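**Student:** This is a predicted model, with the sequence first.
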Amino acid sequence: MDLTTSMVIAASGMRTQSERMRTIAENLANANSTAQVAGGDPYRRKVATMHGEFHRDLGATLVASGKPAPDMSEFRKQYDPANPAADKTGYVKVPNVNSLVEIMDMREAQRSYEADLTVMDATKSMLSRTVDLLRR
């Protein structure tokens, strides 16, 4: 594997982690939303998906983002009879988003992104040193 291949692999990881962070941000933005109609379902949490794709020209497997999958866990219920989305018993369904879990997922995505960035920096440095050696 040459150095440019490692940069392409790291870039695919960075792209995928960026998509993952976008999905997490969407979940956090909708964590307190409710349904538009009484008794309706609120925002459903999404889970970022990833898969490997073999790149024949590079001879390496790259990571790619898939379509975010809905989290089918139960919605939480909150007693709020004044809310227009409340059902007949006064309960409102709230999204199945746990902010603490989302923040932990965001940190993991951030660290993976930073690891890929470190690979890019190291590869760039190695390429630069190689060019310097060839000039001598």
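**Tutor:** Now that the structure is in, tell me what you want to look at. Residues are numbered from 1 along each chain as shown.
**Student:** quick one, strands of this structure?
**Tutor:** Assigned by DSSP state E, the strands in the chain fall at 46-47, 50-55, 60-65, 69-70, 76-79, 91-94.
**Student:** for those strands, which one sits closest to residue 37?
**Tutor:** Evaluated over those, closeness to residue 37 peaks at strand 91-94, with 11.0 Å, by CB to CB. For glycine as for every other residue, the C-beta is placed from the backbone atoms N, C-alpha and C.
**Student:** Using CSV, list the CA coordinates for the closest one.
**Tutor:** C-alpha atoms of strand 91-94 as CSV (Å, rounded to 0.1, in the frame of the first residue of the first chain):
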residue,chain,number,x,y,z
TYR,A,91,-49.7,12.2,28.1
VAL,A,92,-47.4,13.4,25.3
LYS,A,93,-45.1,11.1,23.4
VAL,A,94,-41.5,12.5,23.4
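**Student:** returning to what we had before: tell me the most buried of the strands of the chain?
**Tutor:** Neighbour counts (mean count of other CB atoms under 10 Å) averaged over each of the strands of the chain peak at strand 91-94, with a mean of 20.
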